[in-house]
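**Q** Give me coordinates for this.
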Amino acid sequence: MSLFAKDKKVNEYKGVILPFRLIPFMRYRLVGYIFSLIVTALCITSIVTKGFNWGLDFTGGTVVDTHFSQPADLEKIRATLKENGIDSPLVQTTGGVRDVIIRLSASAGGADIGTQIKAMLNKLDNDIQIRSVEFVGPNVGEELTQGAIYATLITLLMLLAYIAFRFEWRLAAGGIVALAHDVIVTLGIFSYFQIEMDLTFVAAILSVVGYSLNDSIVVFDRVRENFRKIRRIDTVEIIDISLTQTLSRTLMTSITTLFVVIALFVFGGPTIHSFSLALLIGIGFGTYSTIYIAISIAYDLGLRREHMVIQKVNKDDIDELP
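**A** Next comes the predicted model:
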């Protein structure tokens, strides 16, 4: 039988109308745990053994500010630089279509790098101007790396405090483990394939954290609501009902977001390649981790109805208290 039912009554489970047939998500949580542990272990191994391919924002290098007499073709500039032995140049416009910033690795820089760049690009534009040549030292890159790590850790701690205050500490623990899982998987994939990481990658990681958290909070809120509305049903059934009810919303949000991210990845160009790829990985795993990590861990930590429902005390009961 189809997951979608034509008759609404078929979708009724213990008096609760569901958009789909009830899906027993929690029955397969052990499989989800095993899969996540394997993937996380592989990602951590890659991070430890292979490290990261840090971009110029972190390693330092040379920044060449150029001005063209006509609108610059960034693809042709990159191709020309690569033909002349300069690998992985970061080329982007700044403000106008004629102003181009070229960032080179520290090994590609030199005292006469400005003259060399001008000679390489003369065949694209005879009137090209080299406005400035600046060297960004590795100390600046180290400060950016530390700042990115601190920003991510502080964000996770603040989110932990928010969820614990807004919902319950078991949900907070599950939510933070899910966020850490998404970040580690994204970092591991970038490490394994040695994809260059720049500051836009840091922005993407924080975006993934926000997206995954928002997805988890929607589920948490529905679980709490169902605990208050549905009586005489076990906790695992409440969670399955809540996940089934929010599944359509989760799928539609994830799919529409992925459409935009895929468009950025395909048509956005090399400048935002790291950003769009990190979002693509993070959103995909974030949808999965909400179901099989965040809420599953909360359940296995002992989440029950009494933890989510505020018990009302009658005035007579208060008067009888010693």
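**Q** Measure how far stretch 180-195 is from the centre of its chain, please.
**A** In terms of CA atoms, centre = their mean, to the nearest Å, the centre of stretch 180-195 is set 10 Å apart from its chain centre.
**Q** And the contacts of that stretch?
**A** By CB atoms under 8 Å, 6 or more residues apart in numbering, the residues outside stretch 180-195 that reach it are 36, 39-40, 42-44, 46-47, 50-53, 152, 156, 197, 201, 204-205, 208-209, 212, 273-274, 277-278, 281-282, 285-286, 289, 293. Placement of C-beta: from N, CA and C, glycine included.
**Q** Check this structure and tell me which residue is nearest its centre.
**A** residue 208 (2.1 Å; CA atoms, centre = their mean).
**Q** Doesn't it belong to a helix?
**A** Yes. Counting by DSSP: H, G, I helix; E, B strand; the rest coil, residue 208 falls inside a helix.
**Q** Helices of the stretch 201-322 of the chain, residue ranges please.
**A** Applying DSSP state H, counting those that start in this stretch to the stretch 201-322 of the chain gives helices spanning 235-267, 273-289, 295-300, 305-308, 315-320.
**Q** so how far is residue 132 from residue 101?
**A** 10 Å (CB to CB, to the nearest Å).
**Q** Pull up the overlap in contacts between those two.
**A** 63-65.
**Q** from these, which is closest to residue 239?
**A** Set against residue 239, the nearest of the shared contacts of residue 101 and residue 132 by CB to CB is residue 63 (52.3 Å).
**Q** Can you name every helix or strand that the host helix or strand of that closest one contacts?
**A** Using DSSP states H and E, residue 63 falls within strand 61-67. Applying 3 or more CB pairs under 8 Å, 6 or more residues apart in numbering; DSSP states H and E, one finds that strand 61-67 contacts strand 96-105, helix 113-121, strand 129-136.
**Q** and that strand, how far from the chain's centre?
**A** Distance of strand 61-67 from the chain centroid (CA atoms, centre = their mean) equals 31 Å.
**Q** what sits up against it?
**A** Identification of contacts with strand 61-67 by CB under 8 Å, 6+ apart yields 94, 98-106, 108-109, 113-114, 117-118, 121, 128-136.
**Q** Emit the PyMOL select command for whichever of those residues are buried.
**A** In PyMOL, a selection of the buried entries from the contacts of strand 61-67 looks like this (16 or more other CB atoms under 10 Å):
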select buried, resi 98+99+100+101+102+103+104+105+108+109+113+114+117+118+121+128+130+133+136
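**Q** Which residues are in contact with the residue lying closest to residue 56 once chain neighbours are set aside?
**A** Nearest residue to residue 56 in three dimensions, chain neighbours excluded: residue 103, at 4.7 Å (CB to CB, 6 or more residues apart in numbering). Contact partners of residue 103, counting by CB under 8 Å, 6+ apart, are 56, 61-64, 89-91.
**Q** quick one: residue 103 from residue 265, how far?
**A** 21 Å.
**Q** so how many other residues sit close to residue 210?
**A** Per other CB atoms under 10 Å, the neighbour tally for residue 210 reads 14.
**Q** do you know how far it is from residue 129?
**A** 41 Å.
**Q** where does the residue nearest to residue 56 land on pLDDT?
**A** In this model, residue 103 is scored at 83, pLDDT.
**Q** Where does the prediction get shaky in this protein?
**A** Low-confidence segments of the chain, defined by pLDDT under 70: 1-10, 13-15, 106-111, 137-142, 144-145, 309-322.
**Q** who touches the residue lying closest to residue 81 once chain neighbours are set aside in this structure?
**A** Closest residue in space to residue 81, ignoring its immediate chain neighbours: residue 89 at 4.6 Å, by CB to CB, 6+ apart. Taking CB under 8 Å, 6+ apart as the criterion, residue 89 is in contact with 78, 81-82, 102-104, 108.
**Q** just residue 198 next, same as before
**A** Residue 198 sits next to 55-58, 90, 274 when contact means CB under 8 Å, 6+ apart.
**Q** Count the neighbours of residue 155 for me.
**A** Neighbours around residue 155, by other CB under 10 Å: 16.
**Q** Helix, strand, or coil at it?
**A** Three-state call for residue 155 (three-state DSSP): helix.
**Q** Kindly report the same for the one 3 residues further on.
**A** At residue 158, secondary structure determined by three-state DSSP is helix.
**Q** quick one: it from residue 117, how far?
**A** Counting by CB to CB, the gap from residue 158 to residue 117 is 44 Å.
**Q** now swap in residue 54 and tell me
**A** 23 Å.
**Q** got it, and residue 218?
**A** From residue 218 to residue 117 the distance is 50 Å (CB to CB).
**Q** My guess is residue 130 contacts residue 119. True?
**A** No. Residue 130 is beyond contact range of residue 119, at 10.4 Å (criterion: CB atoms under 8 Å).
**Q** can you pull the contacts of residue 218?
**A** Residue 218 makes contacts with 246, 249-250, as judged by CB under 8 Å, 6+ apart.
**Q** Kindly state the beta-bridge partners for the residue nearest to residue 90 when sequence neighbours are not counted.
**A** Sequence neighbours aside, residue 103 is the residue nearest to residue 90 in space, at 3.9 Å (criterion: CB to CB, 6+ apart). Counting by DSSP bridges, residue 103 is bridged to residue 63, residue 90.
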